[in-house]
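J.: Give me coordinates for this.
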Amino acid sequence: IDQIGRERQEIAKTEQLDRDFNQAMQTGSSFAQQKDYMQALASYQKALGLKPDNKLATDKIAEVNQAIVAVENDKKYLQAIQLADQALATNDFEKAKMQYKEAIKFKATETYPKNKLAEISVAEANELKFEGLLSQGAKEFSDAAYDNALTTYNEALSIKPQNQEVQKRIADIQNIKKQQ
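T.: Numbering: from 1, shown residues only. Below is the predicted model of the structure:
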């Protein structure tokens, strides 16, 4: 009779363990669906504590850990993009490039930071060309080669149409040419 009683206790204990395990797994799934990954992780770890060799609990813990990493990467990506966009808005190309490259580390397949890096390259090339044209125009102006200087400054103006320095130089050259 004692043997039967012990067996019944063991069966009851096993059934309770199964109920607790299933409850922890269901709770973990519910939290995971709600994207509350930390709570899901705690529930799955509780289930694994009840049944240490359970593959399903181990797999769910791995899935939740991947989701947590993905969420963290999303946050870091968005932060890098925000900092890069702010730097780009102030024409701080070096900082913007650094932050867009940082964003790519977190989401290598995203095209936005890659497109922005390409835009920065074009902007930097245009800036170099603009600066070169300003120098060339200034030299031509000082050499009294006004037609050449006018052409050079107009080319510079095509890169930066709102540049007042270039607009003033063009107006100066036109006034000089009128007086000749």
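J.: CA only for contacts and neighbour counts going forward, please
T.: Will do.
J.: in the protein, which spans are helices?
T.: For the chain, applying DSSP state H gives helices covering 2-33, 37-50, 55-89, 93-106, 112-142, 146-159, 164-179.
J.: Out of those, which is the most enclosed?
T.: Comparing the helices of the chain by mean neighbour count (mean count of other Cα atoms under 10 Å), helix 37-50 ranks first with a mean of 21.
J.: Run the angle between that helix and helix 2-33 for me.
T.: 160 degrees (axes from the mean of the first three to the mean of the last three Cα atoms, to 10 degrees).
J.: Check which helices and strands helix 37-50 sits against.
T.: Judged by 3 or more Cα pairs under 8 Å, 6 or more residues apart in numbering; DSSP states H and E, the packing partners of helix 37-50 are helix 2-33, helix 55-89.
J.: mind checking how far it is from the chain centre?
T.: 31 Å (Cα atoms, centre = their mean, to the nearest Å).
J.: what would the helices of the chain look like in TSV with mean pLDDT?
T.: Conversion of the helices of the chain to TSV gives the following (pLDDT from 0 to 100):
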stretch	mean pLDDT
helix 2-33	91
helix 37-50	97
helix 55-89	96
helix 93-106	96
helix 112-142	96
helix 146-159	95
helix 164-179	93
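J.: I'd like the C-alpha coordinates of stretch 49-69 written as CSV, please.
T.: Taking Å, rounded to 0.1, in the frame of the first residue of the first chain, the C-alpha atoms of stretch 49-69 are listed here in CSV:
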residue,chain,number,x,y,z
GLY,A,49,14.5,25.1,-14.7
LEU,A,50,11.6,22.7,-14.3
LYS,A,51,12.8,20.5,-17.2
PRO,A,52,16.5,21.2,-17.7
ASP,A,53,17.0,19.0,-20.8
ASN,A,54,13.9,20.3,-22.7
LYS,A,55,14.8,21.3,-26.2
LEU,A,56,11.7,23.4,-26.8
ALA,A,57,12.5,25.6,-23.8
THR,A,58,16.1,25.9,-24.9
ASP,A,59,15.1,26.8,-28.4
LYS,A,60,12.6,29.4,-27.2
ILE,A,61,15.3,31.0,-25.0
ALA,A,62,17.6,31.2,-28.0
GLU,A,63,14.8,32.8,-30.1
VAL,A,64,14.1,35.4,-27.4
ASN,A,65,17.8,36.2,-27.0
GLN,A,66,18.0,36.8,-30.8
ALA,A,67,14.9,39.1,-30.6
ILE,A,68,16.5,41.1,-27.7
VAL,A,69,19.7,41.5,-29.8
